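1. Compute the structure for the input listed below.
(7 chains)
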Amino acid sequence: MREILAAVLMLLGSALALIASIGVIRMPDMFSRMQASSKAGTLGVALVAAGAAVFFHAVPVTSRALLIIVFFLLTAPVAAHIIARSAYLMRVPMWEGTLMDEWRGRLTAEETGEKPGSPGSDLAS
Amino acid sequence: MTALPLAVLSPFALSALAPWAHARLKHHAGWLLAVLPAILTAFFGSLMPLAASGAPASFRTPWVASAGVMFSFHADGLALLFAVLISGIGTFILIYAGGYLKGHPQQGRMFVFLLLFMGSMLGVVLSDNLITLFVFWELTSLTSYLLIGFNHEQERSRRAALQALVVTGTGGLAMLAGFLLLGTAAGSMELSEIVEKGDQIRSAALYLPVLILVLMGAFTKSAQFPFHHWLPNAMEAPTPVSAYLHSATMVKAGVFLLARLTPALGGTPEWEASLTVFGAATMLAGGALALVKTDLKQLLAYSTVASLGFMVMLLGIGSPYAVKGCLVFLTAHALYKGALFMVAGAVDHETGTRDASALSGLRTGMPFTAFAAVLAGLAMAGLGPWLSFIGKELALEAVLGGGNLWLTAVTVLTSASFVTVAGVTGLRIFSGPPSAAPKKAHEAPLSMWIGPVWLAIKGALLGLMAGKAAAFLAPAVSSVLGRPEQMKLALWHGVNAALGLSALSIALGAAAYIGWDRVRSAGRLGDTILKWGPDRLYDLSLDALSALARGQTRVVQSGYLRYYLLAVILTVMTLAGHALYSRGEPPVMVSTVPVTAYGAAVALMIVASAIAAVLLDTRLGAIAALGGAGGGVALVYVMYGAPDLAMTQFLVETLTIILFVLIIFKLPRFARLSRPWSRVRDGLISIAAGGMMAYLALVALHVDLHPPISSYFAENSVPAGFGRNVVNVILVDFRALDTLGEISVLGLAGLGAYALLKLRLSGRKAV
Amino acid sequence: MENLLALVIGVLYAAGIYMMLRRSLVKLIIGLALLSNAANLLIFTSGGLVPARPPLIARGESALAAPFADPLPQALILTAIVISFGVMAFALVLFYRAAEEAGADDLDRLTSTDT
Amino acid sequence: MTLTEGTAANAAAISLLVLAVSMLLAFVRVVLGPTLPDRVIALDLLTSCAAGFMVAYSVRSGNPVFMDVAIVVALVAFLATVGFARYVAKRAEQDR
Amino acid sequence: MFAWNMVLALAWAALHGEFSLTSLSVGFAVGYLLLALLVRGGLVGESPYTARFSRAAGFIAFFLWELVLANIRIAYDVLTPRHHMQPGIVAIPLDAKTDAEITLLANFITLTPGTLSLDVSEDRRLLYIHAMYIENGDPDGLRTDVKNGFERRLLETLR
Amino acid sequence: MSDLILSTATRFLMPLFLTFAVFLLLRGHNEPGGGFIAGLVAAAGFALYSLAYSPGRMLQLLRVGPRTLIGWGLLLAAVSGLPALAAGTPFLTALWAKLHIPGLVNLKVGTPLIFDVGVFLTVVGVVLTVVVALQEEED
Amino acid sequence: MSVLTVIPVLIPLCCAVASLLARRSIRLQRKLAVAGTAALLFAAIGLMTAVLHHGVLCTQSGSWPAPFGITLVADILSSVMVMLTGLMGLAVAIYSLASMDEARERSGYYPLLHMLLAGVNGAFLTGDLFNLYVWFEVMLIASFVLLALGGERAQMEGAIKYVTLNLMASALFLAGVGILYGMAGTLNMADLSLKLRDTGHHGLITCVAMLFLTAFGVKAALFPVFCWLPASYHTPPVAVSAIFAGLLTKVGVYSLLRVFTLIFTQDIPYTHTIILWAAGLTMVTGVLGAFAQNEFRRILSFHSISQIGYMVMGLGLFSPMALAGSVYFLVHHSVVKTNLFLISGVAEKLGGSFELKKLGGLYSSSPVVAGLFFVVAMSLAGMPPLAGFVGKFILARAGLEAGQWVIVGVALAVGMVTLMSMTKIWGEAFWKGSPGTALPQPPSRKVLVTLLVPVAFLAALTVLTGIGAAPLIHVALRAAEQMLDNSQYIAAVLGEGMR
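-> Okay, here's the model as predicted:
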C-alpha cells in the first residue's frame, strides 16, 4: 500500500514536472511560460519528495522531504517574481493576445524610458 | 710544488688590488704592479733547469674529481718558455699601460684586465689538465673581450671585441668537445700523460674528430685563415693590449696548443696536411694584406697573422728543424713584435696618428723610440745578427727539408713581406724630414719607451748569445718533439740554400719597400677582395642568424594564445597517439555497468549542453548551457554514489554562475571573430582530442593492473578516523595535506581576485 | 554506461578545447570550465563506476560493505572541483580586468607582450 | 545489483526517466531563449527537476542520502536565479 | 522571535532525524546564536507573532486546494493544442502593510492559478500581477477574487 | 536591486541557509557534508543577502572582514596539524578527545574537526571576498 | 628528524597566514618576509644535512602509512631543490624590500610570496602524485596573482597566456593522475613505481607518460609548449620575474626528473629519446628567440627556455653523470637567472628602461653593477670557471659518453649564441654610451645597497659553485644515483612502520 502510494506520488510529481517543461517549451511568451514552470515545477518536486517520504517512512527522511518542500515553496515564488519583474522592466515582449497592462500605464515615462515605437530591447546578450 | 699554482693565481689576486693601487698612485701604479710579473719571470726562469733535467715542476690537486677534472700544472720546457715570455713582456706592458693611458678614467680597469689576462695566459701554458687548460683558455678569450672593447663607447670597438670573442669562443667550444674526446681516447685528462700515449691516440677511432675539433680551437685562437679577420679588427684596442695579447701572447696560445699536442696528435698525414695548408694560406693572406695597409697597427697585425701561419706551418712539418725554427721564431717574434707595437703606440700617442704614409722623420723627436724601432725592425726583417735571423734560417732549412716547393715559395714571399713591413714600421716613419703630424712629436715618457727598448735589445742579445738561447729553448723543443733533443744554435751556418733564399726574400722585401706606394695601389684590389672576405662572412652569418631568430620567433611566439593552445593540444595528441600506436594499445572492452534510460538521458543532456555552449552566440546563454552541463555532471555523481561530489558540484556551479553574472556586465558581447576555415580546423582538432580522451578513459577503465588502495580507507575510516563519511575522512584526515593545499589555493584566489580588482596601477580607473 | 560516459567525456573535452580556441575571452573561460568538468568526470569514470553505493558507513558498522563507490577518486575530484572553482574565480576577474585594460574581449588584441 | 526492487522502485525508475526528459525539454528552452529571462526560468525548472531527480533516485537506490543533495540544490538554485535576475534588472536599468 | 527560533530548533532536529530533547536544545542553541548574530547585524527586527494555528491550518488547506487547481488548469492549457488564455497585467490594491504580509501574499499569489506577482509599487499600495485568465477582459473580477479570497484569509491568519 | 519581496524572503531564508550550513559542517564527518560544502552553503546565504540588500549591509552583518576570515581559516587549518608535532607524531596526525556532557553532547572531538572548521571559514571568506569585490566593482 | 621534511612547507605557509592577518602593517610583513625566508633557508640547510647523512627522509603526514596517506619525502634531489627555494626566497625577499612599490605591498605581495614558496616546497617534497598536483596549483595560483598584481596592461596580457596555458597543463596533469589511478589504484609515487615496474612496454602507460610529459613540459617551458613564458615573464615587477625565473620552471623540471626516474621507467629508449629531442629543440628555439629580442628581460626570459633544455637533456641522456648535470644545472640556473633578473631591475632603476636601446653608460657610471652583471652573465653563457661552465661541461661529457653527438653539438653551439646575446646586453646596456635621454632619479644609497646585497650574494654563489664545484657535483652525483636506483627512495617511503 505504502509502495503504491509512493509510486503514485512520484509518478504524479514527475508528470507535473514534465508538464511544466512542456509548458516552458510550448507557451508563447515568457510570462505564460513562467506560469507553467513556477507552479507545476514546484508542485512536481514537492510530490516526488512526498513520495520519497512515504516510501522510506522514517522520521529523518520525512523531515528532509518536508524541508525540500518548504524550501521550494519558499523560494520558487520569489524566484519567479524577481525574474518576472526584471523581465518586465527589461520589456520582454508579451504575447500578442495579451489583453491589458495596468502597470505600464502607471510607470512614468521617465521610469520606462518610453520611446514611441521602440521595440523590446535585445536581451540576447 | 705549490708555488706553481700560486704563481698562476697571483696575478688574479693582484688584480683585485689594482683599482686600489690605481686610486692611490694614478698612472704610476703600473710600475708597482709590474713588480709581480718581474718576480714571476725570475721564478719561471729558475724552474728552467728542472725542466731541462727532465723532471719538471708539477702540481696536482683534485678540482672536480668526480668528473675527471684536476687542478694541475706542469712546468715543462714549452710551458716555461711561454710563461717567461708572458710574464716578461707583461712586466713592460704594465709599465707601458701606465704611461699610455695616463689620465684615462678607466685606467684602473685596464690594469685589472691586464693582470687577469696575464694570470689566465699563465694558466693556459702551465696547465696539465685539459679542462683546467680550457678554463684558462676561455678566460683569456673573456679578458681579451674586455680589453679589446676597452674603448667601449665606440661601436667599432664593441664590434671588434664581440667578433674576437665569437670567433675564439666558437673555436673554444669545439676544442672543449675535442678535449673531452681526447680524454676518452687517451684515458686521461692530464696532458703529461696524454703526450705519452701518442700512438694509442693516433690509432683511436676518435682521432679524426679530436684532431678537427682541437684544430678548430687552435686555429681560431691563433687567427689562422679563414678565421684571421678578428685579429686586425682587434686593433681597436688600446696599444698595450695589442702589443700584449695580439702579438706576443694570446694569439700564440693556439700555436702553443699545437706544439703541446704534437707528441699526441702530430705526425700523421692529416695533421701535416691541415697544418701546412692552413698555415701557408694564412701566411699568404697575412703577408699580402700587410703590404696594403697604412695604419701602423694594421700593418703589424697582418704581419702577425702571417707569422702565426708561419709557426703553424712549421709545426705541421714537424721535423726537428721545423720545431726548432718554430720556437726560435716564436720567441723572436714575441720580442720584436711586442716592441714594434709599443713603438707604434708611442708614435700614435705622441703624434696623434698611426698612418704610416703620413709619418716621417720622427727620429729627432723620439730618439729612444726610434732606437727601439730600428732594432726591432731589423729583427723582423731577419737582417741583423739577431735571434730572428737564426729562426728564419732554421725554418727555411726545415721547409727545404720538407721538399715542398710551394711551401718554400710561400715562405720566401712571406719573409719578403716581413721585410717590407719592418721597413715601414721600423725605418720609414723615423727617417726623412719630419712630417706634419697632428701633434708635434715629443719623446714618450720613460714608461713608454723602456719596454720596446728592452725587448728589442733582448732580441738582439739572444741572437748574439746563441748558446744561451739554445739552452733556454732546448727543453721546449724536447717537449714538443716528445724526446730529449740536443740543440745548438749558431748565427752562421755557412752558405747554403737557406741563406740564398733568405737573401732572396730580403731583396724582394727591399724592393717592395722602395716601391711601397705602388705596391699599395696595386693592393687596392686586395681591399676589395677583403670586403668579401671572412670579415664580411662573419657579418653575413650574424645577419643570417638574426634573421633566422626573428623568423623563428615570429612563427613560434606569434602572440596568439590560440596557437599556443593548439601547440599544447597537438603536442599531447601526437605524443600520446604515437605512444599508443607504436607501443601497442590495449583493446577497448564493453561496458560492465548497465545503461539505464535515465542515465542515458542525463548523458544526453550533458552532451547537449556542451554542444549548446559551443553553438550559442550569447554569453549568458553559453553560461546557462555550462550550468546545464555542470548539473548533468552532478547527476552523474549522484547516480554513481558520490553525494558529496554532487553537492559540491552544484554549489560550485551556482557560485560560478553568480560570479559570471556579476562580471559579465562589464565584458563585451560575443562577436563572431574567427574565420570559417579556422573554425573548421579547430573543430576537427577538438573532436580528435576529445575522441582521444574518451578512448583513454575507456582503456584506462579496463586496464586494472592493481586493485585500488581504497579498501584501506573503507576499513579504517571508522575505527581510526572516527568518521562514517569516508570521503570526508579522507579529506580532513587521510589526505588532509591535499585539503590544506587546496584551501590555500582557494584563499589565494580570493585574495588575488580582490587585489586585482582593487589595485589598478595603470590608472585607467582609480579606485 | 562507461561507453556512454566516455562519449560524454570526449564531448566535454572537445567542446572545452574548441571554446578555448576561440578569440573571445569569455569563450575561453567557459572552455576552461568545461575542461575541468571533463577532467573530473574522467577521473570519476576511470576510477570505476558503482551505482548507488556511496562510501558512507552505516551507523553502527565499522567498515564499508563490499561493493562501494571508490571514495578516493571522489575526494580527489572534490579537491579538484574546489581548486578549479578558486582558479576560475580568479581567472574570471583576471579576464575581466584584461578586457578592461585592452578595451576588448578579443584575444587577438592581446599580443603586445610577445616578441 | 545494488538497486532496490519493488513497485515504488520501478515507479521511481520511471519518474527518473520522466524527470530526465523534463530536464532535456527545459534545456531546449535554455537553448532556444530567445531572451535571457526565458533561459533563466528554464534553467530554474531544470534545477528543480534535478532536485526531483535526486529525490527519486533516493527511492530508486533505497538510500535517502541523496535527498540531502536535493536540499542543497533547492537552496542554491534560488541563488542562481536571483543572480540572473539581478543581471537582467541591471540591464534594464542600463537600457533605460 | 521565539517562534522563529523554535522553527530553527525544529529544523535542526528534523535534519538530525531525531526529535529528542538533546537535539532540540542544541538546535535551539544554534538557532539562538545565529539569530542573535543576525539581529545584531540588523537583519531581523522584532516580528509580531501570535499563534493562530487553526486559522493557519485553514489557510493552508485553502492554499493547497488552490495549488492543485492551478496545476490542473496549467496542465490543461499546456497539453491542449490551443491556447485558452487571456493574459494581462493587473494592479491590485493592497491592504497588507508589513513586509512579511506583502511578501507572503505575493508568494501565495504566484503559487496559485494563473497569477504571478510582478512588483509592488513604490508606495506599497498596489501589487501588479500577471494573470493568465482575465475573464472577459475584466480585471475587476480578478481583483475582487484576489482581495476576497487570498488577502483576506491571509491577513486573518497573520493578524 | 531593492526588491521588497526578495529582501523580505531573504530575511527568512538567511537563517535557514546558515543553520543548514552549520548542520552540514558538524555532521560532515559522518554524512555528506563537511567544511567545503558547508562553507559554500553559508557563503551562498551571505551572497544572497548581499545581492538582495547590498554588499555593505552584508559586511555589516558578517562583521568580520571576509579577507580576515580567509586568514583565520587558513590559520586554523594549518594550526590544527601542529599539536601533532608537539606530540612527536607527524604533521596533521589527528588527535581525538571524547567530549561528553551528560544528556547534551556525546561526541568525539578531534583536530580534523578543527581542520574542517578552518576549511569552512576559508571557503566562506573567499567566496564573500570575491562576491563583494565584484559587486562593488559593478557600482 | 623526519619533521624536517614538513618544516620547509610549514614555515612559508605560516608566514603567509601571519602576513595575511597582519595585512595592515607593511613593516611587520617586511620583517616577516626576511625572517621567514631566512628561517626557510636555515631549515633547508638542516634538511640537506640530514638527508646527506641519514639518507632519504620521510614523513607520513597524519601518521597514515605510506601508500594510503600522503608521504612527504626528502631525497637529495628534493632537498637540493628546497635549498634553492630558500636561497631564492631570501634573495628576492631582501630585494623586494627596496624594489616593491607600496601599493603592491599593501595588496598582499608578501603573503603571496610566502605562499608561492610553500607551494614550490610542497611540490618538491611530496611523494604523492595528486598532492603534487595540489602543490602545483598552490604555486600556480600564487604565481598567477603575483604576475597580475598591479593590473597593468602588459601584466594582464602576459597573465592571460600564462594562466590559460598553465591551466591547460593542469587539466592534462589531472587527467593523467586520474587515468593512472584507474590503472594502478594508487597515488603514492613510490608505490606507483613498484606497481608499474614490471608492466613492460605497455602502450597505455607510455601514453600516460606522454600526458605527464606534456603537462610538466608546459610548466617547465619545453619546446613546443613554452610560449607562455616569453609572453609573461617580463611583465611583472622585477622581483616577481626573478622568483619566477628561479623557481617556477624548475618545479616543472623537477617533476619531470621525479616522474621519469621513478614512475615511467618501463620504456626508457622510447620516452627518454623523446625527452632528448624536446631538450635539443628547446635549447635551439629558446636561444634563437632570445637572439631576436632587444629588451633586457625578454632576452632573459627566452634564455630561461633554452637553459631548461640543458636540464632536461640530462634526463634524456639518463646516465648518472647526465642526471648529475641536470641537478647541477638546475641549481646553477636558478641562482644565475634569478640574479640576472634582479640585475635587470637595478639597471632599470639606474637607466630608466628595460629597452636596450634606451639603456647605456652603466659600465662607466656603475662599475659595481656592471661587474656583477658580467660575472653572472658569463656564468649563464657557460664561461669558465663559473658555474654555468661546469654544468655544461658535465652534460657535454655525459652526452659524449652516451654517444649523443648531435645533442652535445647543439648544446655547445647554443652556449655560443647565449654568449652572444649576453654580450649584446653587455654592449648595449653597459658599454654603450648613455643615450642621453633623461635618466630617472637615481635610487638612494640605502636602496641601492639593499638591491645589491642579494645580487652580490648570488653572484658570489655562482662564482663559488663554479670554482668550488666539487662538493656540489658530489651531491649532484649522489642525487643522480638515488634517482637511477630508486630502491632507497621506495624503501624509505614504503618500509616504515604502520600506524
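2. what's downstream of the lowest-mean-pLDDT helix or strand in chain F, the next helix or strand?
-> When the helices and strands of chain F are scored by mean pLDDT, DSSP states H and E, strand F:105-110 comes last with a mean of 68. Once strand F:105-110 ends, the next helix or strand along the chain (criterion: DSSP states H and E) is helix F:111-138.
3. do you know how far the residue nearest to the spatial centre of chain A is from chain G?
-> By Cα atoms, centre = their mean, the mean C-alpha position of chain A lies nearest to A:S38, the distance being 1.3 Å. As judged by Cβ to the nearest Cβ, to the nearest Å, A:S38 and chain G stand 38 Å apart. Where you see a C-beta, it was placed from the backbone N, CA and C, and this is true even at glycine.
4. Would you confirm that that residue contacts A:P77?
-> Yes. Look at A:S38 against A:P77 with Cβ atoms under 8 Å: they come within range, at 6.6 Å.
5. Distance of A:A84 relative to E:V78?
-> From A:A84 over to E:V78 the distance is 18 Å, taken as Cβ to Cβ, to the nearest Å.
6. Look at those two and report which has more neighbours.
-> Neighbour count, other Cβ atoms under 10 Å in any protein chain shown: between A:A84 and E:V78, A:A84 has more, with 28 against 23.
7. phi, psi of B:A567?
-> B:A567 has phi and psi values of phi -60, psi -50 when expressed as degrees, to the nearest 10.
8. ok, and the closest non-adjacent residue to it?
-> Of all residues not flanking B:A567 in the chain, G:P224 sits nearest, at 5.0 Å (Cβ to Cβ, 6 or more residues apart in numbering or on different chains).
9. How many residues are close by the one you found?
-> Per other Cβ under 10 Å, the neighbour tally for G:P224 reads 16.
10. Okay, strands next: where are they in chain C?
-> In chain C, no strands are defined using DSSP state E.
11. quick one: the helices in it?
-> For chain C, the helices defined by DSSP state H cover C:2-20, C:25-46, C:71-102.
12. what's the helix or strand for the residue nearest to B:L81 when sequence neighbours are not counted?
-> Sequence neighbours aside, B:A476 is the residue nearest to B:L81 in space, at 4.2 Å (criterion: Cβ to Cβ, 6+ apart). Using DSSP H and E, B:A476 maps to helix B:466-481.
13. quick one: contacts of the strand or helix carrying G:A476?
-> G:A476 is part of helix G:469-484 when elements are defined by DSSP H and E. Contacts to helix G:469-484, defined as Cβ atoms under 8 Å, 6 or more residues apart in numbering or on different chains, come from residues B:62-67, G:52, G:56, G:75-77, G:80, G:257, G:261-262, G:318, G:320-328, G:331, G:387, G:390, G:394, G:465, G:488-489.
14. are any of the residues you listed buried, and which?
-> Neighbour-count burial (16 or more other Cβ atoms under 10 Å in any protein chain shown) is assigned, among the contacts of helix G:469-484, to B:63-64, B:66-67, G:56, G:75-77, G:80, G:257, G:261-262, G:318, G:320-328, G:331, G:387, G:390, G:394, G:465, G:489.
15. any residue of the longest helix seen in chain E up close to chain D?
-> Criterion DSSP H: the longest helix present in chain E is helix E:53-79. No. Using Cβ under 8 Å from any Cβ of the partner chain, helix E:53-79 never reaches chain D; the gap is at least 11.3 Å.
16. Pull out the buried residues from that helix.
-> Buried residues in helix E:53-79, defined by neighbour count with 16+ other Cβ under 10 Å: E:59, E:62-63, E:66-67, E:70-71, E:73-75, E:77-78.
17. Could I get the contacting residues of the residue of chain F found nearest chain C?
-> Distances between chain F and chain C by Cβ to the nearest Cβ are smallest at F:V130, namely 5.0 Å. With contact taken as Cβ under 8 Å, 6+ apart, F:V130 is in contact with B:659, B:749-750, B:753-754, C:89, C:93.
18. Can you pull the domain assignment for chain E?
-> Domains of chain E are assigned by automatic domain parsing as E:2-40, E:84-158.
19. Run the chain-centre distance for the last one.
-> Centroid displacement of domain E:84-158 relative to its chain, using Cα atoms, centre = their mean, to the nearest Å, is 11 Å.
20. Does B:F225 belong to a helix, a strand or coil?
-> coil (DSSP: H, G, I helix; E, B strand; the rest coil).
21. oh sorry, the question was meant for G:Q60
-> For G:Q60, the secondary-structure state derived from three-state DSSP is strand.
22. Measure how buried it is and give me the count.
-> The burial count for G:Q60: 26, using other Cβ under 10 Å.
23. Tell me how far the residue nearest to the centre of chain A lies from chain F.
-> For A:S38, the distance to chain F - Cβ to the nearest Cβ - is 13 Å.
24. do B:L461 as well
-> Separation of B:L461 from chain F (Cβ to the nearest Cβ): 80 Å.
25. B:T249 now?
-> Here the criterion is Cβ to the nearest Cβ. By it, B:T249 lies 62 Å from chain F.
26. cool, E:R82 as well?
-> Relative to chain F, E:R82 is positioned 33 Å away (Cβ to the nearest Cβ).
27. And what about that residue, helix, strand or coil?
-> coil.
28. Pull the contacting residues for the residue nearest to B:A567.
-> So G:P224 contacts B:556, B:567, B:571, G:281, G:285 (Cβ under 8 Å, 6+ apart).
29. Just send these back as CSV, with neighbour count, distance to B:A700 and pLDDT too.
-> Output for those, formatted as CSV (neighbours: other Cβ atoms under 10 Å in any protein chain shown; distance: Cβ to Cβ, whole Å; pLDDT from 0 to 100):
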residue, neighbour count, distance to B:A700, pLDDT
B:V556, 21, 33, 82
B:A567, 19, 25, 91
B:T571, 21, 20, 92
G:L281, 15, 30, 94
G:T285, 25, 33, 92
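30. Look up the pLDDT of residue 4 for me, please.
-> No chain in the question, so chain A it is. A:I4 is assigned 86 on the pLDDT scale.
31. not what I meant, chain D
-> Here the pLDDT value assigned to D:T4 is 61.
32. quick one on the thing from earlier: most neighbours per residue, which of the domains of chain E?
-> domain E:84-158 (a mean of 19; mean count of other Cβ atoms under 10 Å in any protein chain shown).
33. now check that one, is it near chain D?
-> No. Applying Cβ under 8 Å from any Cβ, one finds domain E:84-158 separated from chain D by no less than 10.9 Å.
34. Checking that domain against chain A, do any of its residues make contact.
-> Yes. Using Cβ under 8 Å from any Cβ, we find that domain E:84-158 touches chain A at E:85-91, E:103, E:106-114, E:116-119, E:121, E:126, E:128, E:130, E:132, E:134, E:137, E:139.
35. contact partners of the helix or strand where B:R60 lies?
-> Using DSSP H and E, B:R60 falls within strand B:57-64. Strand B:57-64 has contacts (Cβ under 8 Å, 6+ apart) with B:1-5, B:47, B:50-51, B:69-75, B:128-129, B:131-132, B:190, B:192, G:390, G:469-470, G:473.
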